[in-house]
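1. what shape does this take:
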Amino acid sequence: MVVITGLSGNIGRILYGGLKDKWDIAGIDIKESRELPIRILDIIDYNSIANAFEGVYGVIHLAANANAGGDWKKIVGPNIIGTQNVFRASQESGVKKIIFASSNHVTGLYEKEEPYRSIVTGQYKDLNPADIPQIDHTMPVRPDGYYGVSKVFGETLGRYYSEEFGIQVFCIRIGTVSRNDRPFDVRQYATLFMHADLIKLVETCLENETVKFGIFYGVSSNTWKFWDTGHIKDCLGWQPEENAEKFRS
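-> Have a look, this model is predicted:
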């Protein structure tokens, strides 16, 4: 059994569709859904979810306030308290694996500097995709708002739970996941994380039994991407295959 928190959201629905034929999937959410197997629970209330992960192998933690520009008062409940509650309840229930939906906003302020600023605005003149310095998991975090700060917290919390309690924790710094699986602005030609790649990365994490803790950038193999995916290949033996450039007219 795999439980997805925030199952009714865009990424939750994509993962449910892509994983349900191989995994027994259940969800918890604060929103009802007729077509999804959801229990209505609030991650901000620990007592509400304390027993939600009994007998569960893995948890995919998506539930959050996903507003990248959200103010602290609206972020702290679901993204800080709620994330701690999910990790704690998972650990106390004997969950073996947590896949945490982190975000590219953990390092968002790099995009104010070159060459990233030119890439996200489509100013490709004099740039060679092969020469783009890739932002990787070893570089200092530079969150671009309280949302990004909350995801840094989640990654740090994940390391603690991995080292202290032996849970496998995979933190995926997710790029742009479009509902229609295509870019809608010039930045997304670099940042798009296409559905097939998203599903395969999560599936690979679910099947992996050797990585104790890892931080991975979730982005497709876009020509203009500037987040490292070599670390995924090194740790998990897989790399993304899709490329947003195919949508360029």
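2. let me see the ranges of the strands in the chain.
-> Read by DSSP state E, the chain holds these strands, from start to end of the chain: 2-5, 25-29, 38-40, 58-61, 97-103, 168-174, 213-218.
3. who touches the first one?
-> When contacts are defined by C-beta atoms under 8 Å, 6 or more residues apart in numbering, strand 2-5 is touched by residues 12, 15-16, 19, 23-29, 43, 52-53, 56-63, 86, 206. Heads up, the C-betas are built off the backbone N, CA and C, glycines and all.
4. now which of these would you call buried?
-> Buried members of the contacts of strand 2-5, counted by 16 or more other C-beta atoms under 10 Å: 12, 15-16, 19, 23, 25-29, 43, 52-53, 56, 58-63, 86, 206.
5. can you tell me the closest non-neighbouring residue to the residue nearest to the spatial centre of the chain?
-> The residue lying closest to the centre of the chain (C-alpha atoms, centre = their mean) is residue 101, at 2.8 Å. Closest residue to residue 101 apart from its sequence neighbours, by C-beta to C-beta, 6 or more residues apart in numbering: residue 62 at 4.6 Å.
6. quick check on the one you found: phi, psi?
-> Main-chain dihedrals, residue 62, degrees, to the nearest 10: phi -110, psi -30.
7. so it makes contact with residue 6?
-> Yes - counting by C-beta atoms under 8 Å, residue 62 does reach residue 6; the two are 3.7 Å apart.
8. common neighbours of those two, please.
-> Listed as contacting both residue 62 and residue 6 by C-beta under 8 Å, 6+ apart are 12, 101.
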